[in-house]
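J.: I'll drop the sequence and a predicted model, then ask my questions.
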Amino acid sequence: MAASQGRDTPRNAQRPAGYAALHSQFRWEVPQHFNMAQVCSRRWAELQDATKRVAIRAYSSGASDTFYTYSQLQEQANRLSNALAKLGVQRGDRVGIVLPQRFETAVAYMAVLQLGAVAMPLSMLFGPEALEFRLQDSEAVVAICDAGSLPALASVRQTCPQLRAVLGVGLQDADAALLTGPQDARFETVLHAQSAVFALVNTLAEEPAVLIYTSGTTGNPKGALIPHRALIGNLSGFVASQNWFGFDGKKNRSSKAVFWSPADWAWTGGLMDALLPTLYFGRPIVAYHGRFSPQTALELMRDCGVTHTFLFPTALKAMMKAYPGTKSQSVRQQFKLQLDAIMSAGEAVGDAVFGYCEQQLGVRPNEMFGQTEMNYIVGNCNLHYPSKPGSMGMGYPGHRVAVIDEAGNECPVGVPGDVALHRFDVHGQPDPIFFLGYWKNQKATDAKFTGDWCRTGDLAVRDADGYLWYQGRSDDVFKAAGYRIGPGEIENCLVKHPAVINAAVVPKPDPERGALVKAYVVIAPDFIAACADDTGARARLHAQLTLDLQAHVKGQLAPYEYPKEIEFVDSLPMTTTGKVQRRVLRLQEEARARGLAA
Ligand SMILES: Nc1ncnc2c1ncn2[C@@H]1O[C@H](COP(=O)(O)OP(=O)(O)OP(=O)(O)O)[C@@H](O)[C@H]1O
């Protein structure tokens, strides 16, 4: 694949002048003692306006919203910290938090963190097996859940003997019957009985704060242990990707920044890129835990006056198909949106989604790239170095990011290699964003590093301006007839076709070519509606679409990139974080090939 094919970058161009200055002026300031809860809640709760300063706005579509202030957040967190301490939770102990976006979730994080314990986010979508694996692996001593997650949690109670107590938020009497352990209790009852005063444990910046399991896109999830200082490491990227998050003095927008993201607060994107940085800046974040739909998302942003957001590519793709906009009115006008910044990450954004944000949502998006282990390291900042559609941007200030080869040497412009982050910034200071290591897995931690470079396992090429262009995960990139294929580019091209909602490209084993390019495609409902109950018509639609999509890709990409085979499916296998699990499809192809050979 030609590395910077079709990208209109003059070969002799320089990095934008502002970018170099941002890097050289930037200095990390990491105090010896630092606690995420101190900076995200306590310091705001001590201010005079704490009883008016909104921390969480709980959005209820159609009904009236509930506003929670920083004062309430801190008071409830203090009560919960006292309760946890009474349950014997100590500095360094893990506490599972299986809650959706709601006020009590923020309370739980603040309480665990200010106690010096380690918060372990767990998704509401986890079934018993997923919960059991993480609770056992982490040896969590307490879990905080709500009625939605309690049944799954209760079903694995017996096999997690180290779990001393389960605290249930907002339970009805019927739910509460599932609280069977001697120390299990309703969250509200426990908090009510505790003092509202708690002295924060003055943790070291280096101490563990969060144990977060990777999404398992490529294999078994690994527990990444994140220290308190990682929040500081995230901030330069957060501020830049949110177009200065209201701190652009000229526009004086700081007093109206309202944040929202549909990203689950139980994964890195939701916790470290949304909830915690918003609270760090003392601004309100909207909490909504209904099902995501493009309509609800747009209405929520309208009703709450959301100015800043993180929308993952899958969500933007769904919005793009449901609300393409009209010639006379953009989606921004239709919903009276006030967006100042859109950050998007988790998967490649691609120029189709990029164009949608710009033309329909009225904001040039900032793609960001990072991972649980070292989040928010690369991206764009439209106020200082404008996004290029399809590029994931450059290392954010304070992060020395490069594309390296197997030996750990930087690759020349246009040559693909591993995206890697150096342990030290350009001034030789340690980069605070790094995780501490994988939980109980030193071997995997060591394998991540080549000298001082930490490899992300993602491939990219750098253009002459220094922007990085995503090529795919090392595990997802494959060879077909001798050509290197990055699935992202082909998938991006497929979703530009009006009939396609989502697509995943994987290798199909082929005796002659080694592999051929195969696409799994989800068709937009409008296209299927006409032949829903007619299998003959559906087969004809598939045959016609196969030809159309092949021609569509051939017309835009290199000839060897078009999918030789297309399979139409109702949905793609996804992680709970909304990422396509190509691995599952690849394994399916391999199994089918073995079946044929047998
Ligand atoms: N802008 C982006 N473009 C392409 N891919 C991205 C982008 N941002 C993040 N990613 C992908 O998401 C990954 C980080 O996701 P996360 O840390 O949640 O775990 P995971 O890598 O999906 O799970 P696992 O390590 O268990 O397979 C990155 O390594 C990268 O593959």
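T.: Received it, and whenever you're ready, just let me know what you need.
J.: phi first, then psi, for residue 261.
T.: phi -150, psi 140 (degrees, to the nearest 10).
J.: what is the burial count for it?
T.: When neighbours are counted by other Cβ atoms under 10 Å, residue 261 registers 26. Placement of C-beta: from N, CA and C, glycine included.
J.: average pLDDT for stretch 289-304?
T.: If you average the pLDDT over stretch 289-304, you get 95.
J.: what comes into contact with it?
T.: With contact meaning Cβ atoms under 8 Å, 6 or more residues apart in numbering, stretch 289-304 is reached by 57, 59, 61, 65, 100-102, 124, 258, 260, 262, 286, 288, 306, 309, 311, 315, 318-319, 321-323, 331, 335-339.
J.: could I get the CA-only coordinates of that stretch as CSV?
T.: Extracted in CSV, the C-alpha atoms of stretch 289-304 (Å, rounded to 0.1, in the frame of the first residue of the first chain):
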residue,chain,number,x,y,z
HIS,A,289,-27.3,6.0,30.5
GLY,A,290,-30.1,5.2,28.1
ARG,A,291,-29.4,3.4,24.8
PHE,A,292,-27.3,5.4,22.4
SER,A,293,-29.2,6.5,19.3
PRO,A,294,-28.3,9.2,16.9
GLN,A,295,-31.6,11.0,17.7
THR,A,296,-31.0,10.9,21.5
ALA,A,297,-27.4,12.0,21.0
LEU,A,298,-28.4,15.0,19.0
GLU,A,299,-31.3,15.9,21.2
LEU,A,300,-29.1,15.6,24.3
MET,A,301,-26.5,17.9,22.8
ARG,A,302,-29.2,20.4,21.9
ASP,A,303,-31.0,20.3,25.3
CYS,A,304,-27.9,20.5,27.4
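J.: just the contacts of stretch 289-304: which are in helices?
T.: Among the contacts of stretch 289-304, the members falling in helices (DSSP state H) are 315, 318-319, 321-322, 331, 335.
J.: okay, these in JSON lines with pLDDT and distance to the ligand next?
T.: JSON lines is the format used below for these (pLDDT from 0 to 100; distance: Cβ to the nearest ligand atom, whole Å):
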{"residue": "315", "pLDDT": "92", "distance to the ligand": "14"}
{"residue": "318", "pLDDT": "90", "distance to the ligand": "18"}
{"residue": "319", "pLDDT": "95", "distance to the ligand": "18"}
{"residue": "321", "pLDDT": "89", "distance to the ligand": "20"}
{"residue": "322", "pLDDT": "92", "distance to the ligand": "23"}
{"residue": "331", "pLDDT": "98", "distance to the ligand": "22"}
{"residue": "335", "pLDDT": "98", "distance to the ligand": "25"}
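J.: so which of the residues you listed is the closest to residue 398?
T.: residue 315 (28.2 Å; Cβ to Cβ).
J.: quick one: terminal-to-terminal distance for stretch 36-55?
T.: With Cα to Cα, to the nearest Å applied, stretch 36-55 spans 15 Å between its terminal residues.
J.: and stretch 502-520, by the same measure?
T.: Start-to-end, stretch 502-520 (Cα to Cα) is 8 Å.
J.: quickly check: that stretch near the ligand or not.
T.: No. Using Cβ under 6 Å from any ligand atom, stretch 502-520 never reaches the ligand; the gap is at least 13.5 Å.
J.: pLDDT weak spots in this structure?
T.: 1-17, 215-219, 248-255, 530, 532, 596-598 (pLDDT under 70).
J.: show me what contacts the most centrally placed residue in it?
T.: For the chain, the residue nearest the mean C-alpha position is residue 269 (3.0 Å; Cα atoms, centre = their mean). Residue 269 is in contact with 261, 263, 310, 312, 345-346, 577, counting by Cβ under 8 Å, 6+ apart.
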